[in-house]
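Asker: Got a sequence here, can you model it:
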Amino acid sequence: MAVTIRDVAKAAGVHVSTVSRTFSSPHLVNSATRERVLAAAQRLDYRPNRAASALTTGRTHNLGLIVADIANPFFPPLIKAAQAYAREREYHVFVADTDEDPQSEEELIQTLAKQVDGVVLVAPRLTNLAIERLGMDLPFVVVNRRVKGLSAVLMDIGHGTTEAVEHLAGLGHRRIVLAPGPRASWSSEQMGRAAASATERLGVDLVVTGPNAPTEQGGVTAAAEVLDSGATAVIAYNDLVAIGVIEGLNDRGVDVPGQVSVVGVDDTVAGRLNRPKLTTIAMPTPAAGRTAVDLLLQAVAGGRTAAQATLETSLTIRDSTGPAPS
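Answerer: Here you go, the predicted structure:
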C-alpha cells in the first residue's frame with residue numbers, strides 16, 4: 001500500500017498537520033522537527049501528492065518570476081539565485097520575459113495568477129497604478145520599484161551613482177552625461193536624482209540624454225548625443241548601454257578612456273569581458289533574487305505584507321574610466 005502522510009507523522013512522532021506544514025511551508029517548521037519529518041519521509045519513500053495538496057490548501061507550490069528582458073545579462077544571476085532559494089523551500093519557479101512591453105507584462109501576470117501562489121516582478125514597466133490593481137488578487141514582491149502596499153527589494157542605485165559621479169569628478173571631468181534607460185524605469189529615476197544632487201554639490205555640469213533602449217544598440221545610438229554634448233564622461237543605464245556607447249564612440253574615432261570615460265551599471269560578465277574592461281556600479285542581483293523569494297514566501301504564508309529590503313550597490317573601478325583630457 002502507498003505510504004500516507006499519517007505513516008510519516010507516526011514515524012516522526014509528530015502531528016499530521018506538522019508533516020503537511022513541512023512540505024507546504026517548511027520555513028514555518030522548527031529546523032530540528034523539519035529534519036526529523038524529512039528523514040522519516042525518506043525512510044518510508046513518501047512522496048507528497050502536490051495536486052491533492054493544492055486542492056486542500058489552495059497552494060500550488062509554484063512561484064512566478066517576471067523579468068523585463070531575459071537576454072539582458074543583469075537578469076540570469078537573479079533568476080538562478082531565486083530558483084535555488086525557492087527549490088530549497090520546495091517551491092518551483094516559472095520564469096517569464098516581457099520583452100520590455102508593459103502590455104505583455106500585464107498579460108503574463110494575469111496568466112500566471114491561475115498557476116502560482118505569488119509573483120516576483122523584476123524591473124517592471126507597468127505603471128504603479130496597474131501593479132497595485134493586479135496585486136490585489138495575488139501576493140506580489142517588486143524588485144527595483146516602490147509600489148504602495150506591496151513588498152519591495154530595492155537595489156540602492158542612487159548610492160552607486162553618487163560614487164560614480166565622485167569618481168569621475170576626482171579624475172577631473174567637469175561635464176558628465178547620464179544616459180538613462182526606459183522612461184518607466186525606477187532605476188533611471190533614482191540615477192537621475194542622485195546624479196543631479198552629486199553634480200550640483202561638486203560643481204560639475206550634468207547632461208541627461210534619452211530615454212534610451214536598455215540594449216547595446218541603445219548605447220550605440222546614444223554615442224552621438226554624448227559627442228554633441230561636449231562631455232568627457234558618461235554614466236550609462238546598464239552595462240549593455242555602456243558597451244554600446246564605447247562601440248559608438250570607437251566607430252567615430254573617439255578613444256575610451258583617453259577622450260571619454262564610460263561607467264556602466266550591473267557588473268555583468270559582458271562588462272568584465274569588454275575591452276576596455278568596464279568600470280561599473282555593481283548590483284547585488286543574486287541577493288535580490290533570494291530576498292525577493294523570501295519576502296514572497298512570507299506573504300504567501302502569512303497574508304499580505306509591505307516589507308521593504310534595501311541592498312547596497314558600489315562602484316567597481318576598471319579600465320573604461322581615466323583622467324579627463326587636458
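
Asker: Kindly export stretch 153-162 (C-alpha atoms) in PDB.
Answerer: Presented in PDB, the C-alpha positions along stretch 153-162 are these (Å, rounded to 0.1, in the frame of the first residue of the first chain):
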ATOM      1  CA  VAL A 153      13.500  44.700  -2.900                       C
ATOM      2  CA  LEU A 154      15.400  47.900  -3.800                       C
ATOM      3  CA  MET A 155      19.000  47.900  -5.100                       C
ATOM      4  CA  ASP A 156      20.300  51.300  -4.000                       C
ATOM      5  CA  ILE A 157      21.400  52.500  -7.400                       C
ATOM      6  CA  GLY A 158      21.400  56.100  -6.100                       C
ATOM      7  CA  HIS A 159      24.400  55.300  -3.800                       C
ATOM      8  CA  GLY A 160      26.400  53.700  -6.600                       C
ATOM      9  CA  THR A 161      25.600  56.600  -9.000                       C
ATOM     10  CA  THR A 162      26.800  59.100  -6.400                       C
END
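
Asker: quick check: mean pLDDT across it?
Answerer: Taken as a whole, stretch 153-162 has an average pLDDT of 97.

Asker: Quick one: residues in contact with that stretch.
Answerer: Under the contact criterion Cβ atoms under 8 Å, 6 or more residues apart in numbering, stretch 153-162 has outside partners 141-144, 146, 187, 190-191, 193-195, 197-198, 235, 265, 281-285, 288, 291-292, 295, 308-315. (Glycine included, C-beta is placed from N, CA and C.)

Asker: And stretch 10-27, by the same measure?
Answerer: Here stretch 10-27 makes contact (Cβ under 8 Å, 6+ apart) with 5-6, 8-9, 28-29, 33-34, 36-41, 43-44, 48, 53, 57, 59, 61, 89-90, 297-298, 300-301.

Asker: Among the contacts of stretch 153-162, name the buried ones.
Answerer: The neighbour count (16 or more other Cβ atoms under 10 Å) marks 141-144, 187, 190-191, 194-195, 198, 235, 265, 281-285, 288, 291-292, 295, 309, 311, 313, 315 as buried among the contacts of stretch 153-162.

Asker: circling back: counting only strands, which of the contacts of stretch 153-162 make the cut?
Answerer: 141-143, 235, 265, 281-282, 308-311, 314-315 (DSSP state E).

Asker: From those, which one has the minimum pLDDT?
Answerer: Scoring these by pLDDT puts Gln308 last, at 92.

Asker: Run through the residues that contact that one.
Answerer: Taking Cβ under 8 Å, 6+ apart, we find Gln308 in contact with Arg146, Ser151, Ala152, Val153, Leu154.

Asker: one more time with 7 Å, if that's ok
Answerer: Ser151, Ala152, Leu154 (Cβ atoms under 7 Å, 6 or more residues apart in numbering).

Asker: Out of those, flag the one nearest to Pro214.
Answerer: Nearest to Pro214 among the contacts of Gln308 is Leu154, at 18.2 Å by Cβ to Cβ.

Asker: Break down the stretch 201-326 of the chain into its strands, ranges please.
Answerer: Under the criterion DSSP state E, counting those that start in this stretch, strands of the stretch 201-326 of the chain are mapped to 205-208, 233-236, 261-266, 279-282, 308-311, 314-316.

Asker: Adding distance to Asp255, write those strands out as a markdown table.
Answerer: A markdown table is the format used below for those (distance: least, Cβ to Cβ, whole Å):
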| stretch | distance to Asp255 |
| --- | --- |
| strand 205-208 | 20 |
| strand 233-236 | 13 |
| strand 261-266 | 10 |
| strand 279-282 | 15 |
| strand 308-311 | 35 |
| strand 314-316 | 21 |
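
Asker: Point out the one among the ones you listed that comes closest to Lys114.
Answerer: Closest to Lys114 of the strands of the stretch 201-326 of the chain is strand 308-311 (Cβ to Cβ; 28.0 Å).

Asker: Distance from that closest one to the middle of the chain?
Answerer: How far strand 308-311 lies from its chain's middle: 12 Å, per Cα atoms, centre = their mean, to the nearest Å.

Asker: Extract the C-alpha trace of that strand and format it as CSV.
Answerer: Taking Å, rounded to 0.1, in the frame of the first residue of the first chain, the C-alpha atoms of strand 308-311 are listed here in CSV:
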residue,chain,number,x,y,z
GLN,A,308,11.0,46.5,2.1
ALA,A,309,14.6,45.4,1.8
THR,A,310,17.3,47.8,0.5
LEU,A,311,20.5,46.3,-0.8
